[in-house]
Structure formats: structure tokens, C-alpha cells
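Undergrad: got a predicted structure here, sequence first:
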Number of protein chains: 4
Amino acid sequence: MAENEARTVEVRPESFSYVFNPYREPVASVKPGDRVVIHTEDAFESRIKSADDLPSKALATAKFLNPQTGPIAVEGAEPGDTLAVRIERIEPTRDFAVSALVPYFGGLTSTVMTRTLQEPLPEKVWVWNLSDDGKTLRNDDLGVEVDWDPFTGTLAVAPDLEAISALSPGPFGGNMDVPDVRPGNTVYLPVWNEGALVYTGDCHARQGQGELCGVALEITAKVTVVFDVIKDKAIEWPRIESPERLMVVGSARPMEDAARIANTELVLWLEEEHGFDRLDAYQLLTQAGGLYVGNMVDTTYSLVASIEKKYLRG
Amino acid sequence: MAENEARTVEVRPESFSYVFNPYREPVASVKPGDRVVIHTEDAFESRIKSADDLPSKALATAKFLNPQTGPIAVEGAEPGDTLAVRIERIEPTRDFAVSALVPYFGGLTSTVMTRTLQEPLPEKVWVWNLSDDGKTLRNDDLGVEVDWDPFTGTLAVAPDLEAISALSPGPFGGNMDVPDVRPGNTVYLPVWNEGALVYTGDCHARQGQGELCGVALEITAKVTVVFDVIKDKAIEWPRIESPERLMVVGSARPMEDAARIANTELVLWLEEEHGFDRLDAYQLLTQAGGLYVGNMVDTTYSLVASIEKKYLRG
Amino acid sequence: MAENEARTVEVRPESFSYVFNPYREPVASVKPGDRVVIHTEDAFESRIKSADDLPSKALATAKFLNPQTGPIAVEGAEPGDTLAVRIERIEPTRDFAVSALVPYFGGLTSTVMTRTLQEPLPEKVWVWNLSDDGKTLRNDDLGVEVDWDPFTGTLAVAPDLEAISALSPGPFGGNMDVPDVRPGNTVYLPVWNEGALVYTGDCHARQGQGELCGVALEITAKVTVVFDVIKDKAIEWPRIESPERLMVVGSARPMEDAARIANTELVLWLEEEHGFDRLDAYQLLTQAGGLYVGNMVDTTYSLVASIEKKYLRG
Amino acid sequence: MAENEARTVEVRPESFSYVFNPYREPVASVKPGDRVVIHTEDAFESRIKSADDLPSKALATAKFLNPQTGPIAVEGAEPGDTLAVRIERIEPTRDFAVSALVPYFGGLTSTVMTRTLQEPLPEKVWVWNLSDDGKTLRNDDLGVEVDWDPFTGTLAVAPDLEAISALSPGPFGGNMDVPDVRPGNTVYLPVWNEGALVYTGDCHARQGQGELCGVALEITAKVTVVFDVIKDKAIEWPRIESPERLMVVGSARPMEDAARIANTELVLWLEEEHGFDRLDAYQLLTQAGGLYVGNMVDTTYSLVASIEKKYLRG
């Protein structure tokens, strides 16, 4: 990283990508240490803006969903490195968020992957208005106010060889829908391509654990990040570091496979970097680890295993 | 409930049950409002007390594990009611807790249910010593100290017709291994038998989410609870209420089925008792719900869906 | 076995069991080698007999389903033995079979275990009439005729300690809904109780692989079996032997766990009794094994791994 | 189709693709009705040829596995059409097949997707020699002979927008490892790109259901197919037609999701093309359908639902 060359780069895409794609030309090239301000669309590409914009109509012209800004090339990142993405800030670029019930999509309905012969749930759109001070959102149907607590639903590097739908999470990060991809935290991703080739989008004003109906509080936003490259260090799955915790995101189906991935990777992290014997790390997570569901709605489920840093040595 | 008749009843079992069994004679009969102090064994029936007590030897004579105290009959509880169990206190009855790696048991090994041809992980026992003030536990191999944060791994009513292994969680509660079954919280369970027929045991000094290696910080303990009977109210899965949250525990395999059960039941709870339209409740949980893994190691996995009470109406 | 003492014993139950229960008094006691003719009810206890008997009405008075005849004690069977059940004959005791769509039950609907907020599928009953020669069944709605190809949906020994719902398959056999539990084949089951304590019922005139809607061609029937006891031989999961094949039935969720169980047990069987090195047995099943779905609708899914005997040695 | 223009086209690739890729230039362009002879490598790109070629060494230089021949453009195929692939013949291009245990890959081991902390199974290679008449294969370790019964492990069209690893099955076909993709049968695949863009490879001399250790009898081969284009007919998942059966292949995790997909699509096929009411089709499959496991080892599991044509109308 070269802090003294730090500058601010603004990335405003002219078009979006609907895949995490190693073959797409970079829309920007930045240096480690640059402050990068990335403009993002919402998951519906702003087709749903009011309670009348039912998905079956509003999305009828959308061949693909979840438009991504990217790829952004990070200078010096090469296959075998790890990319660190420090998220500094997420700012809304409109004063409301939307959620919706989309037919055969969500956690409490049959889906295209968990098929049944039943009719879909009714469609519905919820508009949540941001308060003037930007600190809360309110929906009148529910009569409920919730805190502004934003994160990026998707944050990815381009996979190795594959081009994967922007609706999918995986080892490359992607559509993890994990609230800990939030300002103040650093996300670590494997690098498989020159420049890492970063994609992001799908910002959420907030979301519960599990993202139950499949659609969080979707917003257009500006995301400010700073990249760093950790040379010659390979990781296999996304890691997150907050001021208090180490976390690993595993994405798979069935959900227990995601839980196994996240916890195995966290055991290995504690062994490799924090001096624990492997079985002792397993023991520590048993007694003190965290394990929550990020999403139970995407093409694979994302679970987050964690440990508080206060238990670490040295 | 008859508070004015309240008394303290001590339940010291002469023998244990290894099943949640509707056919076993009650070991005690108590009234709603009584303060009931229940003595419990640990999951290994105190066969593992030192690092040398490797499970393959120490448990060789144990035909069954997870001894339960019960059943306790609660006067007035009848099929179709709901039993409320307010947990007041959990006190250790020894000054250490144990955990262990048991061959082919745990979250990061193949098991009797997820079979492979691989060799098992090595066996190991960890003894965690309780501090003099009873507030922390320490294991020297790890060099780590953790807080005393106890709960009962099992809390069950007898099932309807079936007698189910004390290693299993289910609609009857059972071996949920959910840290929110803790002092200060109230657990609601369905009643299928006269007297409800309550079993408990398997106290844990603490546990991480997921109970990763399958064995928490196992202790012998005294559990103090107060029962209440909610007449003519039937629930389908265990509910938990803390000062801040409503929770439902779903137990199933694969893990996503447990997540669906917990969240569906919580949606219905919000609809029935808190005035939310069903789809609005689904929306609320999407944006503000919690969803963590209680256990990823038992015969079925237990997940906890929750909502903070501050979002509720009236 | 004592062929020279062979006799025919008829078992006509006065009442049924809805659990595979080690605590229930035997309804009959038989010797190995006896020809045992067991009368069985259908899964709905004959409450559905015409297209008008929609399940929500017809089953409204049924607290439990799947009535079992049993237990039958087999003399000489002791814990640690294996019980062999040779199925000689299944004869219908009425001239029609029924199937039905039961709300929230079946393979292509959400269920009480795979919960969603959707409405159930419509109810429907199909009556299939047995031809005069007893060789085929016909349903007029479908305009289709199918062959009489009967088997017992349930065949169980009492579990060890537990009493398990007659709707469940497991290591004890139970509600496997596997068409290979058919005349001409021998089913091997573990013995955990004195007398083995056999239950059977739920006969099917036939069924496709998977038992897709959850209700096969349900019939009342007479099942003729002959028991044998294999002393001091313990097995862990049900095995089936046909004239051409060795089979193991694994029951679990998710379905891949059932597949792993069935194949692992079959590998071990080939190793223990047929002289294959363990990894060579794994290889043989890879290239020549069978693997079909018995049921995808019960409390756990049953898969059948198999190998043709022609590949065996000796 | 234009039979009178039929010709034979030989496709010998100069390089292989390790993804089912819509962005790769076609290696050949053919017409419907052409007889297309496709040369294929084996899944290990011929790196394993003897019992000494243990995977950890032999595959050390292989960045990717499962090389595919393609894409082949089929003239006239456009998005929204269905491609029919009639498989005429599969001929071996060497006189042996290989199988192997690859560390952390297979059905009875933990894997990169079902992670554990256990050691891997031992490595082993089995060479199976083709008999002089080409009708059987024999391995001396096992002392077993099996019939030559070849099929293509992979047959795919390029996905819509995504480029997916050649190790994956999916709606596009791909690495289904389903023995019914065999000579005499016709496979139907959705078309998302101009020319359909067909990939094939990974021929198997034979395989059991489930492909248990993950490696079938891998061969290099020549595959002869004839394409046809069904205009303006969209299907969602691969269908197979044999002389006796209609089949659908569903690929997903957990395995029950694959079973649900395959059966739902088969119900819809019977409704749309064979005059069955939807619920009657569900009933027919319940009583007469087939359901076997193609693979239990790939990135998603492939299950095959089927119905005999004799039950169809008209």
C-alpha cells in the first residue's frame, strides 16, 4: 500500500454487469490506498419505487437482476494474493428503500430451487422512507421504524475461469447478503485474476439475519472503500474483520454445509495466524464462537462464523 | 397460577431417564407458581472428569448418554395447553466443566448420520475450571478464560405418544442446546400429556452458537424454575421470551428446514398475538429479525429466529 | 430355525399401535420358521374409501395415522442378534386401493417439516380398482392401468429405548416405503429387544420410486412372513436380499445423508461378508451399484443402495 | 431438420474448455441432421493411466479438470428453442478405463463442500482393461468384470450469461453423470445462445447410480450425435427420452431439491404434452414413476425422475 499516493477515485458506471465476470473490461483502475467511491444501483435497477410497482409487472422487462458496478482493477493484485477491502462509508443516493415479495422467491415460499406445485404467495411492495436526519426508515403499513444500518449485499472478486451470476454468493464473495459487510469492517477476498477485478452493488439500508423474504431494504448508494493487497497469501473463502471480531462467510447448500465451511475456515485461520492448536481452536469456537445466518434465500445460503478478538493471543 | 400457594420444591432424582418419555412415572408433582429446584447430571453422567478420561474408554460402559431428571408433573396442565417455564437460576454443583471430542460426533467431523469412510478425529478432553468467584472458567491448554453464562441444554415436555431419545431436539423442546434457554428467560412448550411431564438436564456453563464440537462446557447443576400453565392455548414449537426478544426454536434437518420452521412460527406468533398482517410480519422479520444456530451437531439442528420487542405494537 | 416345528400362525389384531414401541405387550409370539400371516389395516385405517372422502374431513377424527399390527415376539431373538424376515406373500383383503393428496403432505408441496406460508395444494382422492384376476389396478380419472406389485410400507422392530411414530423410517426399519420390501425378498433388521418385537402394516398395492405425493396405493392386506434369527450378529441399518441383489436402506435428512448411510453400510457388508477390501468395495459400487429413492415424503427419506450378486465372490 | 443435407462432421479439438462458456468461439458449426463425431478427452486429461499415477501427483500440474470439447454451434438454434441431441454411438479411443480416489472428493468422504477436519481417505487408482471384443472391462484388484455400457458424463449447452465450471451440472445439462445420457437416447436441452453452443466430454465406459467415489470408468472416446432444433419451445431443465421412458434430470443441493425439480418438471411435461391434469400426473408418478440418483458427488447432485411411455395417452 502506498498511502502517500492516496487519492479519491469516483466510479460511476455507464453500464452494469449481471455476472461476476473475469472477462469484462475494468471500468476503473485504482491503487491500493486510494479512496474509491463507487456508485451502485439497487437490486431491481430502480424499477420498483412505489407500492404499485408489483414485481411481476415492474420486472417484466428485466432479463437480469442485481446490477453490479465493476470490475474495478486494483493495481498490483495478482493470483495467489488476498485483497483487503476496507469499507469506509455507505451513503444513500435516494431518500427511500424498497422491499417486495417476488413470486417464488424468498425464505418462506417454494422457489425455483425448492420446487413445489403450490401457487406463489401474493406480491407486495413495501416502501420505507428515510428520515430527514438519515438515521431511521419507516414503513406505514407496518407502523414500524428501523435504524439505518447499511451494508453492501454484494462484494466480489471475479472468479477463476467462471463467470457467476450476480445473484450468487460463493468463495469469491458475491451476493452474500451478510450485514457484517458494513462500514468499519474489512473484507478479505481471494485473488484469482490480475487486478482482482472487484464488483459491488445491491446496497441495503439494513437487513435482518437471514434476509427472510429475499429482499432487504434496497437502496441506490455510494460506497466508499479502500483496497489493500496482501501479497502471496491465499485464502479460500471470504473473511471479515471488525473491531471486535474475526469472521468467515461460508456459502453452500444445504445450510449445514455453509456452517461447516465457515467454521472449518475459522479454525484454520486461528491455527495459522493466532497460534492455536487445531483441535484447541475447534474447542474455542465450540464454547465462544458465533454463528448466524446471513441469507437463507440466495442460490446458496451464507453463514457467518465468528470469534471475538478478546480470546486471541498475542 | 396460584402465587399464594407458592413453595419451594426440590427434585433430586434417584434415577435418570434417557428418553423424553410419556410413559414414565413422575418423579415429582408441583403446582404452577412453585419454585422448583431441579438437580441435574451432566451429559456424560460424570464419567469424564479429567483430561485422561478419553470418551472411548470413559463412555464404554454407558449404554445411553444425556441423563434427564424427570418427568415432573405440573398440576393442571392438560393436552392443548401451553406450559411456561420461567428459568430463575442455574447453579453449578461442582467447580469445573468438561468438553471433549467424541469419535464421529460433532460439527466438523463425519458422524453416524453424515457417514464417510474416513478415520475419526483424535479424542481429547478439555477441563475448564471455574474461578473462585464463579464468574469465569479457564482452560490451560487454550490459555483462555470465558464467562460463566449457563443454560440448560435440554428442557422438554413428554411428546405425544412417542418416547424420544434425550439426545434429540424437536417440537417438544428437548436437546435444543440453545443458549437462550437461560436464567431470566421464559420457555413455552406445547402440552400433550396430563401434567405436561417435564424433563431437564444437560446444563452448560456456556456454549458458542452451533455447539461446534458437539460438547459444550458440561456441568452438574441445580436449575431453579417456576412453571405456569396457559390454558387452552396450543403452540407447535418451543417459544422463548427474554426481556428484549421473542424467539422461536425450530429443529430439523437439513438446517434450512429448521430456519423455515422457526421463522414461520414467529410470523404466525406476530400475526396472532401482535396484530401484524401475516405478510407484514414476514417483512418485519426480513428487515429486523435475528437468526442464529443453536446447535449444528444433534440429531436435528436447532435454529433460533427472533425479533426485538421494541418493534411490537401495543 | 427349526423347520420341523413349522406351523402357520395367524395374527389378527384387536387394536393397533401408532408407534414402534418397545413397551407394548406382544400381540403374538411365534417361533423362527413359523409361517406368520399378519392382517394389516391401511395407512388411513380405512377412513378413505371413495373420491368423496377428502382427507381434511375423513381424517378429522384420526388422532394418529398408519396403524401397525404388532408387536409380534419372535422366540429366541435377543439384543445383538439380527432378525431375518422372509416375505412370502401379500394378499389384498379388499378389491381397491386408495391414494390421496393430504394438505401439506407429499413431495411436491411444502410440509410441516419444509414450511412455507403458501396455501396447500387442493385435496383429491384417487380410487384404484383391482381387476378380477387381481393382477392390475385401474383409476378412471387417469385412464391408466398399473400392475399389482405389492409390498409392506412399514416393517419394523421395536427401537432400543425409544418409541417412534409409525410414520417414521429409521435404523429399526419402520415406514421405509421401499418397494423392495416385497414378496420373494428377505429383510434383515437389528434386534434391540427380547423377541425383536416386530411391527408391520401400511401395505401398498404398488408405488413408484419416491412415493411422490406421499400416499401410495394403500390397501388392507394379509402379509405372510417367516422369521429367522441370526444369533450374535449385529447390523446397524436394514438390509434386503433379493434373488439378484444385496441392498441397504438408509433413512435420513437431507437426502444425501440417507445415500451416504446406505452406501457406507453396503461397503461394510461387502467387506465383512464378501471378501472385498473396503476401498475396492467402494470402487465396485461406484461402477456397478444401484441407488434409488424409496420415499421422499416421510419424516426421513429412505434411499436404497444395491449391488447385483453376480459381482460377488465365492 | 434437413435430412437430405445430412453429412458427417468430425470435431477434433485443438484445445479444451474447462467451463461451459457462452463467450468462447465455436470449434465447429454443424447443421441439424448432420452426423457429428466428437472426440473427447477423459476427465483427467489422460494424466492417470496406471495404478502408480496417484492423483495428488498426477494432477498436480492440472489447474482445471474435466476438459470439454466445444462449443459446437448448431445452425438455426436460437434463444427460446430446445435442442435435441440424439446420441448414436460412443466408441472408446483407448483400451482401458481408469477410476481413482481423489483426496476430499467423492460420496463417502468429506469434501471441499462438506468440510470436516478429518484426514482424507487414502489415494488409489484402478485400471479397468477393455476386453478384446470391447464388451466388458476387468479390474484385477477387484477380480470383477463389468459390461461396457458407455455414456457421456457431460453434455451441455452454454448457459445464459454465466460461464460455469465443467465440473457442474445444472439446467444447462453439464456434468450430470447420468447413465441415461447414452446411445439410443435423446437429450433435450434449453437454448440460450445463438447456435446453442454445445459442449461434451467426460465419457464413461460405465458407472453405477450415484457415481459413488466420484470417478466413473473414465475413457477417451468418440461420441456420435445428431442434433435437431425444436423451434419456439422452451424447457427449463434437461429432458431425456429413451425408447421406453421419459426422464427429467434435476440438479441441486440438498438432494431432495434435485428430486423436487426433476419430478415437478416431469409433472409439467405430462400436463403440457400428454393431456394429464396436473394433479393426475402427480398421482401417476406417485404410483409408477422412477427416481434414481445419477451423481451424489458433483457440485450439485443429479437425480432422474422418469415414467414409462406405456402409461402415456394417445
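TA: Sure thing, it's come through.
Undergrad: now do the helices in the stretch 1-150 of chain A.
TA: A:55-58 (DSSP state H, counting those that start in this stretch).
Undergrad: strands along that one, start to end?
TA: For the stretch 1-150 of chain A, the strands defined by DSSP state E, counting those that start in this stretch occupy A:8-11, A:19-20, A:28-30, A:35-40, A:69-74, A:82-92, A:96-101, A:124-130, A:136-139, A:144-147.
Undergrad: quick one, which of the ones you listed is packed in tightest?
TA: strand A:19-20 (a mean of 28; mean count of other Cβ atoms under 10 Å in any protein chain shown). (Glycine included, C-beta is placed from N, CA and C.)
Undergrad: what is the rounded mean pLDDT of that one?
TA: For strand A:19-20, mean pLDDT rounds to 98.
Undergrad: who does that strand pair up with?
TA: Using DSSP bridges, the strands paired with strand A:19-20 in its sheet are strand A:164-165 (antiparallel).
Undergrad: OK, contacts around the residue nearest to residue A:120 when sequence neighbours are not counted?
TA: Distances taken as Cβ to Cβ, 6 or more residues apart in numbering or on different chains place residue A:103 nearest to residue A:120, at 3.9 Å, with adjacent residues excluded. Each residue near residue A:103 by Cβ atoms under 8 Å, 6 or more residues apart in numbering or on different chains is listed here: A:55-56, A:120-121, A:123.
Undergrad: any of those residues buried? List them.
TA: Among the contacts of residue A:103, the ones that count as buried by 16 or more other Cβ atoms under 10 Å in any protein chain shown are A:55, A:120-121, A:123.
Undergrad: pull the most distant pair out of those residues.
TA: A:55 and A:121 (11.3 Å; Cβ to Cβ).
Undergrad: chain A against chain D: which residues are in contact?
TA: A:18-19, A:21, A:23, A:64, A:113-117, A:161-165, A:252-254, A:257, A:260-261, A:264, A:267, A:278-279, A:282 (Cβ under 8 Å from any Cβ of the partner chain).
Undergrad: number of residues surrounding residue A:193?
TA: 18 (other Cβ atoms under 10 Å in any protein chain shown).
Undergrad: does it touch residue A:158 like I think?
TA: Yes - with contact defined as Cβ atoms under 8 Å, residue A:193 reaches residue A:158; the gap is 5.0 Å.
Undergrad: what does the stretch 1-150 of chain A put close to chain C?
TA: A:108-110, A:114-121.
Undergrad: farthest pair within those residues?
TA: Top of the distance list for those (Cβ to Cβ): A:108 and A:117, 17.1 Å.
Undergrad: where in chain A is pLDDT low?
TA: A:1-5, A:314 (pLDDT under 70).
Undergrad: which residue of it sits farthest from its center?
TA: Distance to the chain centre peaks in chain A at residue A:117, reaching 31.7 Å (criterion: Cα atoms, centre = their mean).
Undergrad: chain neighbours aside, what residue packs nearest to it?
TA: Closest to residue A:117 by Cβ to Cβ, 6+ apart is residue C:108, at 4.7 Å.
Undergrad: ok, now residue A:218?
TA: In space, residue A:218 is closest to residue A:42, 4.2 Å off (Cβ to Cβ, 6+ apart).
Undergrad: can you check residue A:208 too?
TA: residue B:289 (3.7 Å).
Undergrad: also residue A:77?
TA: Closest to residue A:77 by Cβ to Cβ, 6+ apart is residue A:196, at 3.9 Å.
Undergrad: again with residue A:138
TA: Counting by Cβ to Cβ, 6+ apart, the residue nearest residue A:138 is residue A:145, at 4.5 Å.
Undergrad: which strand residues bridge residue A:74?
TA: residue A:30.
Undergrad: residue A:248 too?
TA: Assigned bridge partners for residue A:248, using DSSP bridges, are residue A:239, residue A:305.
Undergrad: residue A:290 pairs with what?
TA: residue A:306.
Undergrad: hmm, residue A:303 and it touching each other?
TA: No - at 10.4 Å, residue A:290 does not count as touching residue A:303 under the criterion of Cβ under 8 Å.
Undergrad: neighbour count winner among those two?
TA: Just comparing residue A:290 and residue A:303: by other Cβ under 10 Å the higher neighbour count belongs to residue A:303, 34 against 18.
Undergrad: the residue lying closest to residue A:278 once chain neighbours are set aside: how many residues sit nearby?
TA: Counting by Cβ to Cβ, 6+ apart, residue A:271 is the residue found nearest to residue A:278 once chain neighbours are left out, at 4.8 Å. Residues near residue A:271, counting by other Cβ under 10 Å, number 16.
Undergrad: tell me how far residue A:271 lies from chain C.
TA: According to Cβ to the nearest Cβ, to the nearest Å, residue A:271 and chain C sit 27 Å apart.
Undergrad: look up phi and psi at that residue.
TA: phi -70, psi -50 (degrees, to the nearest 10).
Undergrad: so what's it up against?
TA: Neighbours of residue A:271 in contact, by Cβ under 8 Å, 6+ apart: A:277-278, A:281.
Undergrad: would you mind putting the residues you listed into TSV with neighbour count alongside?
TA: Below are the contacts of residue A:271 laid out as TSV (neighbours: other Cβ atoms under 10 Å in any protein chain shown):
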residue	neighbour count
A:277	14
A:278	16
A:281	25
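Undergrad: and which of these is nearest to chain C?
TA: Each of those was scored against chain C by Cβ to the nearest Cβ, and residue A:278 proved nearest at 24.5 Å.
Undergrad: the closest one contacts residue B:213, doesn't it?
TA: No - at 11.7 Å, residue A:278 does not count as touching residue B:213 under the criterion of Cβ under 8 Å.
Undergrad: the contacts of residue A:271 in helices, which ones?
TA: A:278, A:281 (DSSP state H).
Undergrad: who's the nearest residue to residue A:183 once chain neighbours are set aside bridged to?
TA: Among residues not flanking residue A:183 along the chain, residue A:87 sits closest, at 5.0 Å (Cβ to Cβ, 6+ apart). Beta-bridge pairing for residue A:87 (DSSP bridges): residue A:225.
Undergrad: contacting residues for residue A:87?
TA: Contacts of residue A:87 by Cβ under 8 Å, 6+ apart are A:151-152, A:181-187, A:223-225.
Undergrad: rerun at 7 Å
TA: By Cβ atoms under 7 Å, 6 or more residues apart in numbering or on different chains, residue A:87 lies in contact with A:181-183, A:185, A:223, A:225.
Undergrad: would you list every one of the strands in the stretch 151-300 of chain A?
TA: A:151-157, A:164-165, A:169-170, A:173-174, A:186-190, A:198-204, A:221-230, A:239-241, A:245-252, A:290-295.
Undergrad: quick revisit: identify the contacts common to residue A:193 and residue A:158.
TA: residue A:22.
Undergrad: residues near residue A:163, how many?
TA: By other Cβ under 10 Å, neighbour count at residue A:163 equals 23.
Undergrad: okay, the strands of the stretch 1-150 of chain A in a markdown table with distance to residue D:203 next?
TA: Shown next, in a markdown table, are the strands of the stretch 1-150 of chain A (distance: least, Cβ to Cβ, whole Å):
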| stretch | distance to residue D:203 |
| --- | --- |
| strand A:8-11 | 46 |
| strand A:19-20 | 30 |
| strand A:28-30 | 44 |
| strand A:35-40 | 45 |
| strand A:69-74 | 36 |
| strand A:82-92 | 39 |
| strand A:96-101 | 46 |
| strand A:124-130 | 50 |
| strand A:136-139 | 56 |
| strand A:144-147 | 56 |
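Undergrad: for residue B:141, find the nearest of these.
TA: strand A:82-92 (29.9 Å).
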